[in-house]
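J.: need the 3D shape of this:
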Amino acid sequence: MNLQTTYMGLNLKNPIIASSSPVSENVDNIRALEDAGAAGVVMFSVFEEQLRMETAAMDHFTHQGTESFAESLSYFPELEEYNVSPNRYIDLIARAAGAVDIPVIGSINGITNEGWIQYARQIQEAGAAALELNMYFLAADPNETGAEVEQRYLDIAAAVKNTVTIPVAVKLNPFFSSIANMAKRLDDVGIDGLVLFNRFIQPDFDLEELEVVPNLSLSSASEIRLPLRWIAILFGRIQASLAATRGVHSANEVIKYVLAGADAVMTTAAILKQGIPVVGKFLEGLTEWMERQEYESVELMKGAMSQKAVADPEAFERANYIKTLEHFKRHHASMMPW
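T.: Here you go, the predicted model:
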């Protein structure tokens, strides 16, 4: 079986990429991921706030208005609490890129186009094969319009794209009014890849201490459905490569994402839960399925179940929605309490 694929112009030996996670904080782990069969590694994210802290600009963010809202200080960790400083991050990318043959992809997490554009260039100079923009931004200002929020994403993407020559991907969230239009506009500014979808971390409340506390729940396989739908819709309609992330816990999810049209499939939760060798299990399952279904290559699989050939994707989705509801009613009517 030929498992090769192309993602943002990068030739990959297979579709599986280890997505951004603490696993990539160690060069030995990155080597182990390559040995297990991973075709690429996205480094853990360096945060815009880290860069701002180094220039003392974070003081404005963390202290403005704290006379009235002192608890807001707890939202931002002290600089020394970050595992890797920006300078060490650059060094780690350089060492990782020199230690493995697979692409090492840098990752920046930010919400403005100030203070970290130059850093994107440094990531490229360190040897990163590509750069992923992880825009973790919650639009909570009631005075900021949807158009303004979208423009913020586009401005950042364009600024970074104009700064580096390596491929640039945007890790997109699913909360835009028109995901398809946003994807097209990012495509128009020259973004090389879209990673669907960013998974926002939701905070929780400590009822005893009355504090906002961090809460991280790893994804489940059921979460595949949202990115699966949109990859199937976007396949063949934009020039940018499509990567899937979220809910990848077995070879089944890898196969489904590729059939929808993904050029690459990224996983974090499975590696954290099952260990680095799980990548090899994914590849075994993918190969066995391809042999059973008589697919000679991943390229032939790609987009086989997308909506590229459907003239009206909206009508297709509407019909599928009605069909799903009718199927549920027929098969679960006896379980209903009335």
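J.: from now on I want contacts and neighbour counts done on CA atoms only, so please keep to that.
T.: Fine.
J.: what about the helices in the stretch 101-250 of the chain?
T.: Counting by DSSP state H, counting those that start in this stretch, the stretch 101-250 of the chain has helices at residues 117-125, 146-161, 179-188, 225-234.
J.: got any ranges where the stretch 51-200 of the chain has weak pLDDT?
T.: Where the stretch 51-200 of the chain drops to pLDDT under 70, the residues are 51-85, 112-116.
J.: try it again with 50
T.: 51-83 (pLDDT under 50).
J.: got the helices of the stretch 101-250 of the chain as TSV, with distance to Glu284 columns?
T.: Shown next, in TSV, are the helices of the stretch 101-250 of the chain (distance: least, CA to CA, whole Å):
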stretch	distance to Glu284
helix 117-125	33
helix 146-161	36
helix 179-188	33
helix 225-234	22
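J.: what's the end-to-end length of stretch 192-205?
T.: Across stretch 192-205, the terminal residues are separated by 39 Å (CA to CA, to the nearest Å).
J.: need the residues that contact stretch 236-247.
T.: Around stretch 236-247, the neighbours that count as contacts under CA atoms under 8 Å, 6 or more residues apart in numbering are 7-8, 19, 183-184, 187, 191-199, 219-224, 227-228, 231, 235, 253, 257, 261-267, 269, 308.
J.: what about burial for these, which qualify?
T.: Buried members of the contacts of stretch 236-247, scored by 16 or more other CA atoms under 10 Å, are 7-8, 19, 183-184, 187, 191-199, 219, 224, 227-228, 231, 235, 253, 257, 261-267, 269, 308.
J.: strands of the stretch 101-250 of the chain, residue ranges please.
T.: Applying DSSP state E, counting those that start in this stretch to the stretch 101-250 of the chain gives strands spanning 104-109, 130-134, 168-172, 193-196, 204-206, 211-213, 241-245.
J.: tell me which of those sits most buried.
T.: strand 241-245 (a mean of 28; mean count of other CA atoms under 10 Å).
J.: OK, contacts around Glu295?
T.: Small correction: residue 295 is Tyr, not Glu. Contacts of Tyr295 (CA under 8 Å, 6+ apart): Met1, Met301.
J.: how about it, secondary structure?
T.: Secondary structure assignment for Tyr295 (DSSP: H, G, I helix; E, B strand; the rest coil): coil.
J.: rewinding a little: got the strands of the stretch 101-250 of the chain as CSV, with distance to Ala36 columns?
T.: Shown next, in CSV, are those (distance: least, CA to CA, whole Å):
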stretch, distance to Ala36
strand 104-109, 15
strand 130-134, 21
strand 168-172, 24
strand 193-196, 23
strand 204-206, 36
strand 211-213, 35
strand 241-245, 19
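J.: ok, which of those strands comes nearest Arg95?
T.: strand 104-109 (10.2 Å; CA to CA).
J.: contact partners of that closest one?
T.: Outside strand 104-109, the residues that reach it (CA under 8 Å, 6+ apart) are 20, 40-48, 93, 96-97, 120, 123, 127-136.
J.: just the CA trace of that strand, in PDB.
T.: C-alpha atoms of strand 104-109 as PDB (Å, rounded to 0.1, in the frame of the first residue of the first chain):
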ATOM      1  CA  VAL A 104       8.900  19.600  12.400                       C
ATOM      2  CA  ILE A 105       6.100  22.200  12.400                       C
ATOM      3  CA  GLY A 106       6.300  25.200  14.700                       C
ATOM      4  CA  SER A 107       3.200  26.500  16.500                       C
ATOM      5  CA  ILE A 108       2.400  29.900  17.700                       C
ATOM      6  CA  ASN A 109      -0.700  30.700  19.800                       C
END
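J.: and it with strand 168-172, angle?
T.: Relative orientation of strand 104-109 and strand 168-172, computed by axes from the mean of the first three to the mean of the last three CA atoms, to 10 degrees: 50 degrees.
J.: strand 104-109 pairs with which strands?
T.: Taking DSSP bridges as the criterion, strand 104-109 sits next to strand 40-42 (parallel), strand 46-47 (parallel), strand 130-134 (parallel) in its sheet.
J.: okay, the angle between that strand and helix 117-125?
T.: 170 degrees.
J.: residues in contact with Asp206?
T.: Val212, Val213.
J.: could you check how far it is from Val213?
T.: 6 Å.
J.: please apply the same query to Leu172.
T.: 25 Å.
J.: for the strands paired with strand 104-109, which one sits closest to Glu294?
T.: Nearest of those (CA to CA): strand 40-42, 26.2 Å.
J.: what lies in contact with the closest one?
T.: With CA under 8 Å, 6+ apart as the criterion, strand 40-42 contacts 12, 16-21, 24, 30, 33-34, 102-107, 132.
J.: closest to Ser297 out of the helices of the stretch 101-250 of the chain?
T.: helix 225-234 (18.8 Å).
J.: remind me which residues of the stretch 201-338 of the chain are low pLDDT?
T.: 325.
J.: can you rerun that using 70?
T.: 215-218, 309-338.
J.: so Val27 touches Leu92, yeah?
T.: Yes. Proximity of Val27 to Leu92 meets the contact threshold set by CA atoms under 8 Å, at 7.4 Å.
J.: and the gap between Ser24 and Ser107?
T.: Relative to Ser107, and taking CA to CA, Ser24 is found at 11 Å.
J.: closest one to Met290 among the strands of the stretch 101-250 of the chain?
T.: Closest approach to Met290 among those (CA to CA): strand 241-245, 19.2 Å.
J.: tell me if I am right that Val265 is in a strand.
T.: Yes. Counting by three-state DSSP, Val265 is found in a strand.
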